[in-house]
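S.K.: this is a predicted model, with the sequence first.
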Amino acid sequence: MTADNCYTGAMTADSLAHLIYFAGLATGSGILWRHARHRAYVPVLEDRTTRTDRLLTALSGLGMFALPLLHVATPWLAWADYLLGPWSMAPGALLFALGLWLLWRSHRDLGRYWSAGLQIRRGQPVIDEGVYGLIRHPLYAGYILWGLGQPFLLHNAVAGFSMLVTFLPVYFCRVGREEKMLLSRFPEYAAYMQRTARLLPQAALMKRQLPAFLRASLSRRGARKRPATDLPG
C-alpha cells in the first residue's frame, strides 16, 4: 500500500469518526429538546442555580459543540492533531453510545421533573427507580462517558478533550450542592444516598436490577464455585 493510500484510508476513517460524533451530538440534542418541552409546565419550588452554574453550563456547550465543529470545519486547530488508527472508532463509539443511553434513560426516569439547573419542581419526589436505582447522578455519568469517548472520535488534543475539560467543572461545582438541596427538601434522600453511589453502580445493586432468570443463573454459578467446606451440611 502506498503512502497516498494510507493517507486516504486515515482520512476516510477520520471522516467516519466525525460522522459518528456529530450524529451522536444530534441525538443528544434531540433527547434534551424533547424533555425540555415537558418541564416547562411544572412550576419551580426552589432554585439554587447561580451565575457560575450558568456560565459553566455554557462553557460545556463550547466543549461538546463549538470546538469539535471548529476542528472538523476549519484548519485552525490542526496544530493539536494526533494520530490514532481506525481501531479508535470502536471504543469511542461504545463510550459515546453508553453515554447517550444514560442520558436518554435518565430523562425518561425523571420525566417532567428534570431541570437544567439546581431546581426542585412542584410535586417532585425522590427519583429512585430505573437507572436512579443504581446511581444517584446518571445524567452526569452520561456526559462523562460522552467526554471519555470524544478523544477516540476527534483526534485533536483541543477538540477531543474539550468535553471533559469543560464538563468536569460543572460536575464538581454542582454535585455536592445538589445533594445538600435534596437532603434539605427530602429527609428520605439520606437513606437513598446510603444505598447508592454517585456515578458507579454497586455490584449488588446491578444484580438486583437483572431479570429474575439471570439472577438465578448467577446464583447457581456462584454456588458451584464455592468450596465444598462452605456448603451447608
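M.R.: Perfect, I can see it now.

S.K.: contacts, neighbours, all on C-alpha from now
M.R.: Fine.

S.K.: now Pro161: phi and psi?
M.R.: For residue 161 the amino acid is Phe, not Pro. Main-chain torsions, Phe161, degrees, to the nearest 10: phi -100, psi 10.

S.K.: that one against Leu145, yeah?
M.R.: No - using Cα atoms under 8 Å, Phe161 is not in contact with Leu145; the gap is 11.9 Å.

S.K.: show me where the protein has its helices.
M.R.: Using DSSP state H, the helices of the chain run over residues 3-39, 51-61, 67-73, 89-110, 138-153, 162-185, 189-195, 203-209, 212-225.

S.K.: ok, which of those helices comes nearest Leu118?
M.R.: helix 162-185 (6.3 Å; Cα to Cα).

S.K.: quick check: mean pLDDT of the closest one?
M.R.: Per-residue pLDDT values over helix 162-185 give a mean of 96.

S.K.: list the buried residues of that helix.
M.R.: Neighbour-count burial for helix 162-185 flags 162-168, 170-171, 174-175, 178-179, 181-183 (criterion: 16 or more other Cα atoms under 10 Å).

S.K.: for stretch 81-101, same thing?
M.R.: Neighbour-count burial for stretch 81-101 flags 84, 86, 88-89, 91-93, 95-101 (criterion: 16+ other Cα under 10 Å).

S.K.: JSON lines for these, including distance to Gln202 and pLDDT?
M.R.: Shown next, in JSON lines, are those (distance: Cα to Cα, whole Å; pLDDT from 0 to 100):
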{"residue": "Leu84", "distance to Gln202": "33", "pLDDT": "91"}
{"residue": "Pro86", "distance to Gln202": "33", "pLDDT": "89"}
{"residue": "Ser88", "distance to Gln202": "29", "pLDDT": "94"}
{"residue": "Met89", "distance to Gln202": "29", "pLDDT": "94"}
{"residue": "Pro91", "distance to Gln202": "23", "pLDDT": "97"}
{"residue": "Gly92", "distance to Gln202": "24", "pLDDT": "97"}
{"residue": "Ala93", "distance to Gln202": "25", "pLDDT": "97"}
{"residue": "Leu95", "distance to Gln202": "19", "pLDDT": "97"}
{"residue": "Phe96", "distance to Gln202": "22", "pLDDT": "97"}
{"residue": "Ala97", "distance to Gln202": "21", "pLDDT": "97"}
{"residue": "Leu98", "distance to Gln202": "17", "pLDDT": "97"}
{"residue": "Gly99", "distance to Gln202": "18", "pLDDT": "97"}
{"residue": "Leu100", "distance to Gln202": "21", "pLDDT": "97"}
{"residue": "Trp101", "distance to Gln202": "19", "pLDDT": "97"}
